[in-house]
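1. next input, structure requested:
(2 chains, ligands or ions: 2)
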Amino acid sequence: MDIFFYTGRGLPPFISNSSFKALQLALPHFYSNQEIFDKISLPEYVGIQDSLSYLTIRDIMNPRCHVLGGAKPDSITVGIPNNQKITIEEYMSFVNKSKVDIAPSLSEEASLSCGNHRSKRSAKNAIVMLDSCLELKSPALKLLGNIQGGKDMESREFCAKEMKKRCVDGFVIGGIDLEESGAQLRRVVGAVYNGLSGDSRMIVLSGPGRPLDIVYAAQHGITFFESCWPFILAEKGKALDLPLVNFEDAENIEDMDFYEPELDLNDEKFAMQKGALVENCECLTCKQHHRGYIYHLLRVKEMGGNTLLAIHNSFVMKKLVEKLAKAKEEGKLGSVYADFVNKYCMGSFSTIN
Amino acid sequence: MEPRKRAKLAIKWPLKFTIEGRYHRARASTITLPHGEVQTPVYMPVGTKGAIKGVTFQQMRELGCQILLGNTYHLGNYPGTEVLDNFSGLHNFEGWDRNILTDSGGFQMVSLLKLAQITEEGVEFESPTDGSRMLLTPEESMRIQNSIGADIMMALDDVTNPLSTKERLEEACHRTTRWIDRCILAHNPSKPQNLFGIVQGGLDASLRDISLEGLISKNLPGYAIGGLAGGEAKEDFWKIVAHCTNKLPWEKPRYLMGVGYPIDLLVCSCLGVDMFDCVFATRTARFGQVFTKKGFLRLRPEEMKSDLSPLDESCNCPTCIKYTKSFLSSLLHKEQTACHLLSIHNIYFLFTLMREIREAILSGELEEYARNFVLEWFNGVENVPNWVKEALAEASITLN
Ligand SMILES: [Zn+2]
Ligand SMILES: [Zn+2]
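-> Numbering: from 1, shown residues only, chains lettered A, B, ... in the order given. Ligands and ions are numbered 1, 2, ... in the order given. Next comes the predicted model:
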């Protein structure tokens, strides 16, 4: 179980010396200069050859980076840099040459807000395109079936079921946009969970990777998570306020909306506060810096403040997934979501969006 | 918080200066300060508002940084002395356990603010927030610097454009000396701190003498050479530096303010300067320019698209070990973290330069080192500007 932390061009936002074990790389930023990957692998080029590299077809943080398909399941069009059309052959040639560790099969991204027609089409086409990708893949590459279907739960389940029959290395639940979180996302995870019914291959959840969604997904068989959430919060001057001690028992609360507790370090009340962002947190930020200092850096618009928050937030996410992995090992994932909500998200923060 | 103890008139400054080696005018020394030792010659990166642009203090520690600079003017505005006092000073506030030097705030005011005016009382200026008239006196500068708690404070000086009239420049020298007394009197520390005086006098050696004489008599723990790095001719620049280092006490540290071009660091170290600060390394990185042994290098994304070599073949910094010119130039103006990677390279470059100069002084090989550096930097003896040759000759170093 692990997190693929977000990068667009190989560097996570705000952090220039990251040591993340698994990282995303967004295809559109490297596609036009791909001749260079005849000489050097993509992970080596961006300096992450010691980490697990995972290619994404879009750049989730870039609002212009839609990935559109057509009626024919043979190509997609990526929004950046300039509506680049990419065929299956071109895609697989890039993927093989770049030598990333893991890549999804080619597919359009049908988000949870797109219409019925596109939701259904995306699932059907994704299956056809997966078969073409499988024929072209190099043996070293781990190819993931890219499960689409938008918000249509039948299509999602159908897509998962079909892909389960294929000789893929794993799956990714695609089409989860930056804004997606909460009940609808949990239903998609549920549908895919039904479709894959206990498959032991790796399953990645795309999207922002918020703590609550990750906890829910972990309980439903997902093993890897895309996450840019730590950096989105850091950009806003916010810290995840999860002290991550043990979870407690709780009832079923899957259809209700909850939010992760956060600290907004822009708040003047932090100006004089000493001590760590979150008590007992062992991240570099919390061990070495005061809340008041981070407030100050945000106030004078020094990016160092965002950097320290990004370090804390990504550390908390890493700890969260470690806890989930341990709970899974011990067979204790059964009620982990409810426990988590009860433990952390029922306080005064739970009503803040 | 307890009231601070008034400083006694005869202050015992908490600074130990040990010269470990010399090469003619150049020295290699150790300055022992309240937050540890500083090996010289030393380049001090600038953390204007309590942070180095894009580089965490953890990274600065890993790069071997022993002393950082903070700006009194900015820190006095934000977070302000109330916050700094609450956190018992800047070290604890920003989580930096090594040494800090602060400027007096005067230079920043005169250069940043419209309508700054200097009178015997202090520096008068218009408040950037509400436009009201404000006054930075030597006493106020010391009050803020005592709150910051830097290991080395700078005395407020009468900052003057070197192109002012001789009368004005002379007035500035005398006033700077008078203000030193007010600084010492106002010095009211809650922890050990040192005060350096700043030699003024523009580009006129006789005026510099007036300033030197006034300051040296105050028996301060160290001295800075101010009023340079303002676009003066290089011939004038090095001659004033040489003039000052010649007359400043040998057994005390000398700090050349605001100078940070690699070649200037080399030349002035040879002339006997121990400490330097400059924002140039980080500022120029933001525009995609880096130092290499062969001079400046500007990143050009189109040209460097297929260039898989590092910024500088001989550099072992975290950036050069990991990244190519192709990758770094592709990030330019697209990823903020890219300029941090360039900043780290530039800071590392200057740290390495200073360390190598120090080693060369200690091993008696400064002439050879300086010669190699200059010839590589300018790509051949025929391209070396005259002022470099003359300045090095003054330091008993020839290029052939
Ligand atoms: Zn933390
Ligand atoms: Zn380097």
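
2. only C-alpha atoms for contact and neighbour calcs from this point on.
-> OK.

3. for chain A, what are the nearby residues on the stretch 201-350 of chain B?
-> B:305-306, B:322-324, B:327, B:331, B:335-338, B:340-341 (C-alpha under 8 Å from any C-alpha of the partner chain).

4. what segments of chain A are helices?
-> A:42-45, A:88-98, A:116-136, A:153-164, A:183-196, A:211-219, A:229-235, A:284-288, A:291-299, A:304-329, A:336-344 (DSSP state H).

5. now check the shortest one, is it near chain B?
-> Yes. Judged by C-alpha under 8 Å from any C-alpha, helix A:42-45 comes into contact with chain B at A:Y45.

6. circling back to that earlier point, I'd like the helices of chain A laid out as TSV, including mean neighbour count.
-> Conversion of these to TSV gives the following (neighbours: other C-alpha atoms under 10 Å in any protein chain shown):
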stretch	mean neighbour count
helix A:42-45	22
helix A:88-98	20
helix A:116-136	20
helix A:153-164	23
helix A:183-196	20
helix A:211-219	24
helix A:229-235	23
helix A:284-288	19
helix A:291-299	24
helix A:304-329	22
helix A:336-344	22
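
7. figure out how far the worst-scoring helix or strand of chain B on mean pLDDT is from the centre of its chain.
-> Using mean pLDDT, DSSP states H and E, the weakest-scoring helix or strand in chain B turns out to be helix B:106-112, at a mean of 76. With C-alpha atoms, centre = their mean, to the nearest Å as the basis, helix B:106-112 stands 15 Å off its chain's centre.

8. assign a three-state SS to the nearest residue to B:T292 once chain neighbours are set aside, would you?
-> Sequence neighbours aside, B:D312 is the residue nearest to B:T292 in space, at 5.5 Å (criterion: C-alpha to C-alpha, 6 or more residues apart in numbering or on different chains). Here B:D312 is recorded as coil under DSSP: H, G, I helix; E, B strand; the rest coil.

9. any idea how far B:F349 is from B:D312?
-> Remark: distance between B:D312 and B:F349 (C-alpha to C-alpha, to the nearest Å) = 10 Å.

10. for ligand 1, what's its nearest residue on the stretch 151-300 of chain B.
-> As assessed by C-alpha to the ion, ligand 1 sits closest to B:T282 within the stretch 151-300 of chain B, at 27.5 Å.

11. related to what we said a few turns ago, I'd say the residue nearest to B:T292 and B:K322 touch.
-> No. Counting by C-alpha atoms under 8 Å, B:D312 stays clear of B:K322, with 11.9 Å between them.

12. of the two, which one has the most company?
-> B:D312 (21 against 15; other C-alpha atoms under 10 Å in any protein chain shown).

13. tell me the domain ranges of chain A?
-> Listed domain ranges for chain A are A:2-227, A:235-344 (source: automatic domain parsing).

14. going by mean pLDDT, which of those comes out lowest?
-> Note on the domains of chain A: lowest mean pLDDT is at domain A:235-344, with a mean of 87.

15. Provide a list of residues in contact with the residue found closest to B:I19 once you drop the neighbours it is linked to in the chain.
-> Nearest residue to B:I19, sequence neighbours excluded (C-alpha to C-alpha, 6+ apart): B:S29, at 4.1 Å. B:S29 makes contact with B:17-21, B:39-41, B:274, according to C-alpha atoms under 8 Å, 6 or more residues apart in numbering or on different chains.

16. hmm, back to that, next secondary structure element downstream of the least confident helix or strand of chain B?
-> Once helix B:106-112 ends, the next helix or strand along the chain (criterion: DSSP states H and E) is strand B:117-118.

17. contacting residues around the nearest residue to B:Q117 once chain neighbours are set aside?
-> Spatial nearest neighbour of B:Q117, chain neighbours left out: B:E124 (5.0 Å); criterion: C-alpha to C-alpha, 6+ apart. Shown in contact with B:E124 (C-alpha under 8 Å, 6+ apart): B:116-118, B:133-136.

18. returning to that earlier point: now restrict the contacts of B:S29 to buried residues only.
-> Buried members of the contacts of B:S29, scored by 16 or more other C-alpha atoms under 10 Å in any protein chain shown, are B:17-19, B:21, B:39-41, B:274.

19. OK, contacts around the residue most central in space within chain B?
-> The residue lying closest to the centre of chain B (C-alpha atoms, centre = their mean) is B:D277, at 1.9 Å. Applying C-alpha under 8 Å, 6+ apart, we find B:D277 in contact with B:43-46, B:69, B:256-260.

20. what's around residue 110, how many residues?
-> No chain in the question, so chain A it is. A:A110 has 28 nearby residues by other C-alpha under 10 Å.

21. oops, chain B please
-> 20.

22. ok, the one 10 residues further on next?
-> Using other C-alpha under 10 Å, B:E120 has 13 other residues around it.

23. that one reaches B:T176, doesn't it?
-> No. With contact defined as C-alpha under 8 Å, B:E120 and B:T176 do not form a contacting pair (9.7 Å).

24. dump the residue contacts of the residue in the stretch 101-250 of chain B that ligand 1 sits nearest to.
-> Across the stretch 101-250 of chain B, no residue is closer to ligand 1 than B:I148, which sits at 25.8 Å (C-alpha to the ion). B:I148 is in contact with B:72, B:75, B:81, B:84-85, B:89-91, counting by C-alpha under 8 Å, 6+ apart.

25. of these, which is the most crowded?
-> B:T72 (28 neighbours).

26. thinking again about what came up before, helices and strands around the least confident helix or strand of chain B, which ones?
-> helix B:72-77, strand B:123-126 (3 or more C-alpha pairs under 8 Å, 6 or more residues apart in numbering or on different chains; DSSP states H and E).

27. before I go, just wanted to say thanks for your time.
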